[in-house]
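Colleague: Coordinates only, no sequence provided:
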C-alpha cells in the first residue's frame, strides 16, 4: 500500500479497517496508520474548508448590499447574470419558485444557512434546490 511507510523492523504493514478508518479504540495502532489517519482528517478538513469558502464567495456575489441575507431583487439579478453566462434560460416565475423553495423560514430573505442547505441533501432527494438534476 503506497500511502503507508514500510516498517523498518520487518513487521507486516497493517491496513486500516474500512468500517473503522481511525481504528479500534481498544487496539494500539501502528504509528504509520495513526499518522495517516490524522493526515486524512486534516485533508478532509481542508477540503471542506475550501468548499465552504467557495460557497461563501458565491453567497457574497449574490448578496450585493452585503447585508448577510439575499433578498429577491439580489437573487433575481444574480440569476439573470447566470442565465446570460451559463445559458440557464430560467423564467422569472422559475426564479421566484426557486427563491421561495430556498427561503425555508419564509422571511423573504435567504440566509447563508438556507443557501448552503440549497446545495445539500438532508435525507430528501427533492431538497437539492440549487443542484440541477
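Modeller: Nice, thanks for sending it over. Because the structure is a prediction, the values reported are computed rather than measured.
Colleague: Kindly provide the distance from residue 105 to residue 67.
Modeller: The span separating residue 105 from residue 67 equals 16 Å under the rule C-beta to C-beta, to the nearest Å. For glycine as for every other residue, the C-beta is placed from the backbone atoms N, C-alpha and C.
Colleague: With residue 97 instead?
Modeller: The value you get for residue 97 to residue 67, if C-beta to C-beta is used, is 23 Å.
Colleague: Please say which of those two ends up with more neighbours.
Modeller: Neighbour comparison, residue 97 and residue 67: the larger count goes to residue 97, with 13 against 10 (by other C-beta atoms under 10 Å).
Colleague: Unless I misread the structure, the more buried one falls within a helix.
Modeller: Yes. Membership of residue 97 in a helix is supported by DSSP: H, G, I helix; E, B strand; the rest coil.
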